[in-house]
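Chemist: no sequence on this one, just coordinates:
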């Protein structure tokens with residue numbers, strides 16, 4: 001593909017290069033070779049742009065001039081994503097139902113569906129147009145699913161759950177498993193509390209591999225529009241995750257957690273039940289949320305505190321033995 005074609009498609013401005021340059025693929029700034037396109041969005045890679053072997057680099061509009069051809073764009077990272085789509089378009093799955101699929105006679109499936117091997121669709125399920133269900137996907141009774149649904153192998157949607165339009169479930173996702181609800185009996189045993197309430201996933205959500213979104217005993221668990229959930233995430237029963245939130249790998253939400261719009265919970269963050277994380281808050285890796293967090297906060301640590309305060313804690317931590325000795329010496333003397 002010609003560099004000029006790529007620039008035009010991205011709405012980027014080509015500088016210091018020929019529109020006829022042939023681009024064979026894309027790669028990272030340090031790995032790219034001749035004929036490849038790369039990008040710089042993080043300032044720490046600015047120096048690497050001067051020595052890259054790539055044929056061209058996507059950069060911001062105010063990025064300094066470099067010897068290599070550049071495509072100037074408002075958002076280099078987003079432009080790189082669009083360029084990747086040009087070289088790696090989404091796989092098309094032909095409409096049709098595999099002979100090994102088991103579909104109940106009461107299920108309603110829209111037009112142009114691709115139903116793969118050993119898919120099971122139970123009674124009274126409704127699925128919209130252009131669905132793709134790959135091998136071993138299971139849809140339990142009374143589930144309602146919108147248009148453009150994509151479910152990779154071994155994804156499961158449990159009974160009565162509702163899923164909106166353009167939702168992607170990666171491999172091994174479980175939507176609507178029973179919440180972790182047990183009541184202790186007089187003799188010290190655990191009695192299972194029924195978990196009949198549904199999970200609701202709104203439009204444009206993606207849930208990545210082996211993540212679980214639990215149903216509740218009452219109310220609902222809701223994942224709102226545009227949420228992206230990474231691998232190995234646990235969303236507890238009755239939780240509510242706000243629009244465009246990001247839940248990164250190994251995040252765990254206890255029951256009845258409320259996550260605001262555009263919140264970012266980074267890797268291995270844990271949130272106790274019945275607390276609220278306000279809109280736009282960011283929680284850094286391995287932090288523990290024991291109390292509600294205000295909107296726009298940046299917090300770290302376990303229990304989480306303001307990030308700047310946590311940095312002070314972290315600076316003091318290696319000196320604790322020295323400080324303790326000084327305190328004991330003063331007390332003794």
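Modeler: Cool, the structure landed. All values derive from a computational prediction rather than experimental measurement. Residues are numbered from 1 along each chain as shown.

Chemist: so where is this structure shaky, pLDDT-wise?
Modeler: Regions of the chain meeting the criterion pLDDT under 70 cover residues 333.

Chemist: Helices along the stretch 1-150 of the chain, start to end?
Modeler: 3-10, 46-51, 76-87 (DSSP state H, counting those that start in this stretch).

Chemist: Out of these, the one nearest residue 121 is which?
Modeler: For residue 121, the closest of the helices of the stretch 1-150 of the chain is helix 76-87, at 30.4 Å, according to C-beta to C-beta. Using the backbone N, CA and C atoms, a C-beta is placed for each residue, glycine as well.

Chemist: Just the buried residues of that closest one, please?
Modeler: Going by neighbour count (16 or more other C-beta atoms under 10 Å), the buried part of helix 76-87 is 76, 79, 80, 82, 83.

Chemist: okay, the angle between it and helix 3-10?
Modeler: Orientation check (axes from the mean of the first three to the mean of the last three C-alpha atoms, to 10 degrees): helix 76-87 against helix 3-10 gives 110 degrees.

Chemist: who's in contact with helix 76-87?
Modeler: 1, 6, 9-10, 12, 25-26, 37-41, 58-60, 71, 73 (C-beta atoms under 8 Å, 6 or more residues apart in numbering).

Chemist: for residue 127, which residues make a bridge with it?
Modeler: Following DSSP bridges, residue 127 is listed with bridge partners residue 109, residue 145.

Chemist: for it, what are its contacts?
Modeler: Residue 127 neighbours (C-beta under 8 Å, 6+ apart): 107, 108, 109, 110, 113, 121, 133, 139, 145, 149.

Chemist: okay, now the domains of this protein?
Modeler: 3-87, 96-310 (automatic domain parsing).

Chemist: Could I have the buried ones of the contacts of helix 76-87 as PyMOL selection syntax?
Modeler: Remark: buried members of the contacts of helix 76-87, expressed as a PyMOL selection using 16+ other C-beta under 10 Å:
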select buried, resi 6+10+12+26+37+38+39+40+41+58+59+60+71+73
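
Chemist: Among the contacts of helix 76-87, which ones are in strands?
Modeler: Among the contacts of helix 76-87, DSSP state E puts 25, 26, 37, 38, 39, 58, 59, 60, 71, 73 in strands.

Chemist: Identify the bridge partners of the fifth one.
Modeler: In this case it means residue 39. The partner residues for residue 39, given DSSP bridges, come to residue 58.

Chemist: go on, the last one?
Modeler: With DSSP bridges as the criterion, the beta-bridge partners of residue 73 are residue 60.

Chemist: I'd assumed residue 56 was in contact with it.
Modeler: No. Between residue 73 and residue 56 there is no contact under C-beta atoms under 8 Å: 11.7 Å.

Chemist: just the helices in the stretch 201-333 of the chain please.
Modeler: According to DSSP H, counting those that start in this stretch, the helices that the stretch 201-333 of the chain contains are 307-316, 320-332.

Chemist: For these, give me JSON lines that also has mean neighbour count.
Modeler: Below are those laid out as JSON lines (neighbours: other C-beta atoms under 10 Å):
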{"stretch": "helix 307-316", "mean neighbour count": "12"}
{"stretch": "helix 320-332", "mean neighbour count": "9"}
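
Chemist: of all the ones you listed, which lies closest to residue 158?
Modeler: Closest among the helices of the stretch 201-333 of the chain, using C-beta to C-beta: helix 307-316, at 37.8 Å.

Chemist: Helix 320-332 and that closest one, what's the angle between them?
Modeler: 70 degrees.

Chemist: For the nearest residue to residue 254 once chain neighbours are set aside, give its distance to residue 235.
Modeler: In this structure, residue 254 finds its nearest non-sequential neighbour in residue 273, 3.7 Å apart by C-beta to C-beta, 6 or more residues apart in numbering. Distance, residue 273 to residue 235, by C-beta to C-beta, to the nearest Å: 12 Å.

Chemist: When the two are compared, which one has more neighbours?
Modeler: Of the pair residue 273 and residue 235, residue 235 is the one with more neighbours under other C-beta atoms under 10 Å, namely 29 against 13.

Chemist: residues contacting the nearest residue to that one once chain neighbours are set aside?
Modeler: Nearest non-adjacent residue to residue 235, counting by C-beta to C-beta, 6+ apart: residue 213, 4.4 Å away. Shown in contact with residue 213 (C-beta under 8 Å, 6+ apart): 173, 174, 175, 176, 177, 199, 201, 207, 221, 223, 229, 235.

Chemist: Next, the contact list for the last one, please.
Modeler: Which is residue 235. Going by C-beta under 8 Å, 6+ apart, residue 235 touches 211, 212, 213, 214, 221, 223, 229, 241, 247, 253.

Chemist: Work out the gap between stretch 188-208 and the centre of the chain.
Modeler: With C-alpha atoms, centre = their mean, to the nearest Å as the basis, stretch 188-208 stands 18 Å off its chain's centre.
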